[in-house]
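Trainee: Structure for this input, please:
(one chain, ligands or ions: 2)
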Amino acid sequence: MASIEDIGIDLGSSNVIIAERGKGVIFNEPAVLAVNHATRNIISMGQEAYQMTGREPTGITVMRPLQKGTIQDFDLLSLMLNYFVMRVVGRQLFNRPRALMSISATSNEIEKRQLILRMLGAGARRTQLIERPLAAALGANISINEVTGRMVVDIGGATTDIAVISSGEIMARSILDTGGDAFTEALIRYIRLKHNLLIGWRSAEDLKSAIGTVDVQDQNTLTLPTAGRNLVSGLPRQADITSQECAEAAEEPLHALIEGLHSVIEHIPAELANDVFDEGILLTGGGAQMRALREVIEREMQIPVYVAEHPQEAIALGCAKVLERPGEYGRILGDGRRAR
Ligand SMILES: Nc1ncnc2c1ncn2[C@@H]1O[C@H](COP(=O)(O)OP(=O)(O)OP(=O)(O)O)[C@@H](O)[C@H]1O
Ligand SMILES: [Mg+2]
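Mentor: Residues are numbered from 1 along each chain as shown. Ligands and ions are numbered 1, 2, ... in the order given. Below is the predicted model of the structure:
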């Protein structure tokens with residue numbers, strides 16, 4: 001394996017994304033493990049484990065060590081991280097990269113320390129942490145050191161992280177527990193109630209990204225046959241689900257998201273609010289890819305909204321950018337620990 005430059009890691013609850021300094025994204029896999037719960041043996045991790053979701057053999061469960069933005073199972077998380085980092089870094093004694101990692105804002109100091117220490121074992125020479133919104137903004141090529149206020153909204157799987165940044169600092173912050181997954185859950189609920197059909201998580205995710213929209217006013221109806229289990233007969237059945245139905249299902253989480261944005265803007269100083277009205281709102285995270293989300297937020301809030309060029313990769317790319325220009329961004333980093 002060729003030697004590796006320093007790496008930026010976005011440790012999300014749905015996906016772990018790793019970018020290499022000067023190269024861009026080199027790893028992107030679901031943050032899941034398939035575990036035998038009698039023996040606690042790991043069967044598989046990442047993409048391979050995700051493929052098992054909804055069709056796990058008896059005794060095997062696909063688990064997410066990070067849920068709703070908090071670490072559910074520290075040992076599993078650490079095993080997964082070790083394995084992922086090992087896959088990109090390899091076992092190299094002399095070429096140990098530096099790592100910059102962005103984690104959920106709700107992680108406590110003990111968890112952060114533990115993660116940093118375990119990264120040493122995974123092959124990183126030194127690991128530092130960075131606040132998610134700062135990395136997201138940088139990865140979307142927004143300059144964060146200016147005094148002008150910028151609003152960055154990262155819509156992940158479990159959470160939506162809303163922040164207003166000025167002069168390299170987070171001036172206002174709110175973390176909602178409505179992320180992209182809330183839209184998937186709402187879709188499963190809606191189809192169960194309306195069609196008496198229970199669809200699996202992966203089918204709902206496919207539906208959401210293939211035809212899903214969040215705009216109930218969208219006239220352009222798309223349809224996708226979706227398989228599930230009929231709740232009356234118990235037998236497998238297919239139903240044609242429309243994009244209009246996806247939009248209806250999305251109403252509740254969409255409302256929560258927009259309320260959350262309003263609330264942050266209402267509580268920031270007038271100067272910053274004016275900046276946000278002028279500069280617009282930046283969307284990042286996998287959830288920013290939901291069809292018509294940008295347009296609907298813009299319509300509801302009467303503020304320009306734009307989506308980062310690579311929304312899901314923005315945080316990892318931002319981390320890699322900080323590693324490229326430590327002089328410019330060094331001061332925004334959290335505490336780190338060096339290998340002896
Ligand atoms: N093409 C797409 N269309 C709609 N939604 C998508 C698409 N691709 C991914 N998503 C959604 O994005 C979410 C995952 O985003 P992301 O990878 O940014 O999350 P994460 O960083 O792992 O989570 P968190 O930040 O909450 O810890 C999921 O809810 C997924 O359904
Ligand atoms: Mg994220």
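Trainee: For the nearest residue to residue 32 once chain neighbours are set aside, pull up the helix or strand it's in.
Mentor: Counting by CB to CB, 6 or more residues apart in numbering, residue 32 lies nearest to residue 49, which is 4.7 Å off, once chain neighbours are set aside. (C-beta placed from N, C-alpha, C; glycine too.) Element membership of residue 49 [criterion: DSSP states H and E] is helix 47-50.
Trainee: Against residue 78, how distant is whatever residue of the stretch 201-340 of the chain ends up closest to ligand 2?
Mentor: Here the residue of the stretch 201-340 of the chain nearest ligand 2 is residue 285; by CB to the ion that distance is 5.4 Å. The gap separating residue 285 from residue 78 is 24 Å, by CB to CB, to the nearest Å.
Trainee: Mind checking which of these two has more residues around it?
Mentor: The neighbour comparison of residue 285 against residue 78 (other CB atoms under 10 Å) goes to residue 285, with 30 against 19.
Trainee: Quick one: residues contacting the more buried one.
Mentor: Residues near residue 285 by CB atoms under 8 Å, 6 or more residues apart in numbering: 136, 153-156, 160-161, 179-180, 311-312, 314-315.
Trainee: quick revisit: count the residues that sit near the residue nearest to residue 32.
Mentor: The number of residues packed near residue 49 is 24, by other CB under 10 Å.
Trainee: distance of the closest residue to ligand 2 within the stretch 151-300 of the chain from ligand 1?
Mentor: Residue of the stretch 151-300 of the chain nearest ligand 2, by CB to the ion: residue 156 (3.3 Å). Per CB to the nearest ligand atom, to the nearest Å, residue 156 is found 2 Å from ligand 1.
Trainee: what about that residue, neighbour count?
Mentor: Neighbours of residue 156 under the rule other CB under 10 Å: 27.
Trainee: how near is it to residue 234?
Mentor: Taking CB to CB, one finds residue 156 at 35 Å from residue 234.
Trainee: Would you state the predicted confidence (pLDDT) at residue 335?
Mentor: Predicted confidence (pLDDT) for residue 335: 45.
Trainee: let me fix that: residue 295
Mentor: In this prediction residue 295 is given a pLDDT of 98.
Trainee: Show me what the helix or strand it falls within is packed up against.
Mentor: If you go by DSSP H and E, residue 295 is part of helix 293-301. Packing contacts for helix 293-301, counted by 3 or more CB pairs under 8 Å, 6 or more residues apart in numbering; DSSP states H and E, involve helix 251-267, strand 281-284, strand 305-307.
Trainee: list the buried ones in the first one?
Mentor: The neighbour-count criterion (16 or more other CB atoms under 10 Å) identifies 252-254, 257, 260-261, 264-265 as the buried residues of helix 251-267.
Trainee: State the mean pLDDT of the helix or strand just after that helix.
Mentor: Going down the chain from helix 251-267, the next helix or strand is helix 270-279, by DSSP H and E. Averaged across helix 270-279, pLDDT comes to 97.
Trainee: can you list the residues that contact helix 270-279?
Mentor: Applying CB under 8 Å, 6+ apart, the contact partners of helix 270-279 are 148-151, 164, 166, 171-172, 265, 268, 303-304.
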